[in-house]
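*Asks:* heads up, no residue letters with this:
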């Protein structure tokens, strides 16, 4: 089953987020994903490269005063949040190098660590990079991500990340059933 997820991150779960709900953005230091929540949900942005954040402030209008911006590796930051027992309603992973996600971030161990920071009933959205021009049902890369995540996040779907039938792909996963 596939779900369209447009750039405004519109899906039933995300639309139910409200002021006071928490969101964690891993990578994607532009802050665009968090800004587009539009629901009042807030939380930290973790970006490895401070030049990405500076560029985003200058050219994309990221309001760095509005967010806690942490310069760190996404997986390391998740470990720190887990040690602090911080949990989030929504975790958006937008950690892309070239066109794919670094393998160490998509390991079974990494998904276990992510499960420690996603609240029960929460959601993990993964921006998976660029898909080949073929149906997502046949995409081995996304299938491998979902299979690796399956133990911690057994309810997942592959999706296009916007409504323009682009090649941006990702997956939406949860530890509990959720409705599309």
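*Replies:* Received, thanks. Fair warning: this is a prediction, and the values are worked out from it, not measured in the lab. Numbering: from 1, shown residues only.

*Asks:* which element is residue 156 on?
*Replies:* For residue 156, the host element (DSSP states H and E) is strand 155-160.

*Asks:* and the strands in this structure?
*Replies:* 2-4, 23-27, 45-47, 69-71, 88-94, 118-130, 155-160, 168-174 (DSSP state E).

*Asks:* what pLDDT does residue 55 get?
*Replies:* In this model, residue 55 is scored at 86, pLDDT.

*Asks:* could you count how many residues lie near it?
*Replies:* The number of residues packed near residue 55 is 14, by other Cβ atoms under 10 Å. Quick note: C-beta positions are derived from backbone N, CA and C, even for glycine.

*Asks:* pLDDT below threshold where in the chain?
*Replies:* 1-17, 29-40, 98-100, 128-139, 157-173, 176-180 (pLDDT under 70).

*Asks:* and the helices in it?
*Replies:* Ranges of helices in the chain, per DSSP state H, are 12-16, 32-35, 50-59, 74-83, 108-115, 140-149.

*Asks:* hey, which of those is tucked in deepest?
*Replies:* Highest mean neighbour count among the helices of the chain (mean count of other Cβ atoms under 10 Å): helix 32-35, with a mean of 20.

*Asks:* from residue 46, how far out is residue 52?
*Replies:* Separation of residue 52 from residue 46 (Cβ to Cβ, to the nearest Å): 11 Å.

*Asks:* equivalent analysis for residue 27, please.
*Replies:* From residue 27 to residue 46 the distance is 7 Å (Cβ to Cβ).

*Asks:* brilliant, that's me finished.
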